[in-house]
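[1] task: produce atomic coordinates for the following.
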Amino acid sequence: MGLLIAAYASLAAWLWLTLAQGMFWRTDTRLPPRTAPARWPSVVIVVPARDEAAVLPLSLPSLLAQDYPGEAGIVLVDDGSTDGTADLARRLAAEQPGLPLTVLSPSDPPPGWTGKLWALRHGITHATASAPDAPEYLLLTDADIAHEPDSLRELVAAATTSGLDLVSQMARLRVVSVWERLVVPAFVYFFAQLYPFRRINRPGARTAAAAGGCVLLRTEAAVRAGIPDSIRQAVIDDVALARAVQRSGGRIWLGLAERVDSVRPYPALADLWRMVSRSAYAQLRHQPLLLAGTAAGLVLVYLVPPAALFAGLAAGRPAVAAAGGLAWLLMAGTYLPMLRYYRQPAALAPLLPFTALLYLLMTVDSAVQHYRGRGAAWKGRTYARPSDA
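    Okay, the predicted model is just below:
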């Protein structure tokens with residue numbers, strides 16, 4: 001009886017997710033309709049970078065080569081790198097004429113600041129230091145993100161056409177290795193399930209999120225929201241940024257990218273594990289009850305369907321098998337659009353329960369590392385929970 005109840009509960013959950021969770025599974029949310037503005041506003045691209053020498057040759061030239069009709073420049077903020085990131089950036093800019101590049105090297109972040117947001121603070125302060133000549137927009141982009149030559153132009157056109165204060169695109173992550181194929185599309189699928197793009201993009205929406213790799217932000221909105229000081233302790237800084245802009249009255253938009261790509265490789269499971277576990281428990285606000293609820297939800301939604309199908313077939317219980325099979329079918333069906341977006345075979349869709357199990361273990365490991373004093377660690381830094389900072 002218990003397995004039958006769990007199977008029906010899982011099926012009910014999948015019916016609700018499919019029909020009532022903002023159509024999270026659709027992947028056609030791309031930049032909204034746009035036209036070229038009569039006057040192209042000024043933009044400064046701010047790039048926080050820490051030990052990014054391996055990927056900078058693939059990403060920085062794409063920013064230098066932006067085909068933007070208005071005034072634009074790049075500020076790269078070297079966040080205490082030890083691999084020559086700053087010198088490499090200057091050399092790349094010298095080798096490829098394009099947008100002007102300024103490289104800053106601030107001090108280490110003080111207590112209460114994450115390294116990335118401290119770097120962004122310096123970049124934004126430098127960009128807006130001269131108030132009359134401050135840029136009208138800021139493009140906040142990570143050092144591992146490569147942009148097609150028209151990326152900035154299209155982002156600005158979308159913002160000006162629709163009157164948006166924040167336009168964010170989730171960069172297409174690299175999918176080459178076996179583990180990247182198995183884990184990366186699911187990462188974006190789970191994110192969209194938590195933060196349905198269509199729900200975020202509705203006027204007056206309460207749901208807010210952004211993708212930190214590519215955020216075009218109106219400078220006026222950044223000042224109004226106190227960015228980045230108001231979110232200085234946030235480990236999940238992109239979601240916190242979007243919430244701050246939305247709370248201050250700004251209009252935000254989030255969608256999938258077509259011409260913005262991450263060049264950072266995650267060839268091994270250990271690389272992906274660190275990427276997820278470093279912030280998973282922070283996403284749950286370091287709350288044990290939220291961790292327990294999340295674990296139970298992942299088991300019910302993703303692990304019960306295959307278990308119910310196989311157990312029902314083995315025990316000759318057709319009702320259990322049918323409920324589990326239908327839930328698994330809905331799961332795989334809603335995952336197919338994301339696999340197509342990442343140009344991956346449909347055969348990966350039935351493997352989503354296994355991937356969900358990996359994410360469950362990563363989340364638990366994130367909590368374990370937090371209580372061992374190694375939570376929210378990234379590139380040699382470990383961040384305390386906000387209340388302890």
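[2] so what's the residue count around the residue lying closest to residue 176 once chain neighbours are set aside?
    Distances taken as CB to CB, 6 or more residues apart in numbering put residue 265 closest to residue 176, at 7.1 Å, once the chain neighbours are dropped. The C-beta positions use only the backbone N, C-alpha and C, and glycine is treated the same way. Residue 265 has 14 neighbours, counted by other CB atoms under 10 Å.
[3] now for the residue nearest to residue 341 when sequence neighbours are not counted: which residues touch it?
    With sequence-adjacent residues excluded and distances taken as CB to CB, 6+ apart, residue 341 is closest to residue 27, at 4.4 Å. Applying CB atoms under 8 Å, 6 or more residues apart in numbering to residue 27 gives the contacts 256, 337-338, 340-341.
[4] change it to 6 Å
    256, 337-338, 341 (CB atoms under 6 Å, 6 or more residues apart in numbering).
[5] helix, strand, or coil at the residue nearest to residue 176?
    At residue 265 the chain is in coil, as set by DSSP: H, G, I helix; E, B strand; the rest coil.
[6] and the pLDDT at it?
    Residue 265 carries a pLDDT value of 96.
[7] now residue 231
    Value listed for residue 231 in the pLDDT field: 96.
[8] so which of the contacts of residue 27 are in strands?
    Mapping the contacts of residue 27 onto strands (DSSP state E) picks out residue 256.
[9] can you list the contacts of residue 27 in JSON lines and add pLDDT?
    Below are those laid out as JSON lines (pLDDT from 0 to 100):
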{"residue": "256", "pLDDT": "98"}
{"residue": "337", "pLDDT": "98"}
{"residue": "338", "pLDDT": "98"}
{"residue": "341", "pLDDT": "98"}
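[10] among the contacts of residue 27, name the ones in helices.
    337-338, 341 (DSSP state H).
[11] contacting residues around residue 145?
    Contacts of residue 145 (CB under 6 Å, 6+ apart): 59, 171, 213, 262.
[12] three-state assignment of the residue nearest the centre of the chain?
    The residue lying closest to the centre of the chain (CA atoms, centre = their mean) is residue 211, at 3.8 Å. Taking three-state DSSP as the rule, one finds residue 211 in the coil state.
[13] check residue 140 too.
    Three-state call for residue 140 (three-state DSSP): strand.
[14] for it, which non-adjacent residue is spatially closest?
    Spatial nearest neighbour of residue 140, excluding adjacent residues (CB to CB, 6+ apart): residue 215 at 4.4 Å.
[15] name the member of the ones in helices among the contacts of residue 27 that has the highest neighbour count.
    Going by other CB under 10 Å, residue 338 tops the ones in helices among the contacts of residue 27 with 25 neighbours.
[16] thought that residue was touching residue 191?
    No. Here residue 338 lies out of contact with residue 191, judged by CB atoms under 6 Å, at a distance of 10.2 Å.
[17] so how far is residue 171 from residue 154?
    Computed as CB to CB, to the nearest Å, the residue 154 to residue 171 distance reads 14 Å.
[18] between those two, which is the more surrounded one?
    Taking neighbours as other CB under 10 Å, residue 154 and residue 171 compare with residue 171 leading, 25 against 20.
[19] secondary structure element for that one?
    Here residue 171, judged by DSSP states H and E, is contained in strand 166-172.
[20] tell me which helix or strand comes right after that strand.
    From strand 166-172, the next helix or strand downstream (DSSP H and E) is helix 178-194.
[21] now the angle between strand 166-172 and that following helix, please.
    Counting by axes from the mean of the first three to the mean of the last three CA atoms, to 10 degrees, helix 178-194 lies at 150 degrees to strand 166-172.
[22] check what contacts the helix or strand just after helix 178-194 and list those residues.
    Scanning forward in sequence from helix 178-194 by DSSP H and E, the next helix or strand is helix 197-201. Residues outside helix 197-201 that contact it (CB under 6 Å, 6+ apart): 22-23, 29, 205, 207, 209, 253-255.
[23] please save the CA atoms from helix 197-201 in CSV.
    Presented in CSV, the C-alpha positions along helix 197-201 are these (Å, rounded to 0.1, in the frame of the first residue of the first chain):
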residue,chain,number,x,y,z
PHE,A,197,11.4,31.6,-17.0
ARG,A,198,7.9,32.5,-18.2
ARG,A,199,6.8,33.2,-14.6
ILE,A,200,9.9,35.4,-14.0
ASN,A,201,9.2,37.4,-17.2
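[24] counting contacts, what elements does the following helix or strand past that helix pack onto?
    Next helix or strand after helix 197-201 toward the C-terminus (DSSP H and E): strand 214-218. The contact analysis (3 or more CB pairs under 6 Å, 6 or more residues apart in numbering; DSSP states H and E) places strand 214-218 against strand 137-141, strand 166-172.
[25] which pLDDT value belongs to the residue nearest to the centre of the chain?
    Confidence score, pLDDT, at residue 211: 96.
[26] who's in contact with it?
    168, 170, 238.
[27] out of those residues, who's nearest residue 84?
    residue 238 (27.4 Å; CB to CB).
[28] host element of the closest one?
    Using DSSP H and E, residue 238 maps to helix 237-247.
[29] who touches that helix?
    117, 165-166, 208-212, 221, 225, 230-231, 234, 252.
[30] quick one: distance of it to the chain centre.
    Remark: helix 237-247 is offset 13 Å from the chain centroid, using CA atoms, centre = their mean, to the nearest Å.
[31] mind listing what's buried along it?
    Within helix 237-247, the residues that qualify as buried are 237-246, counting by 16 or more other CB atoms under 10 Å.
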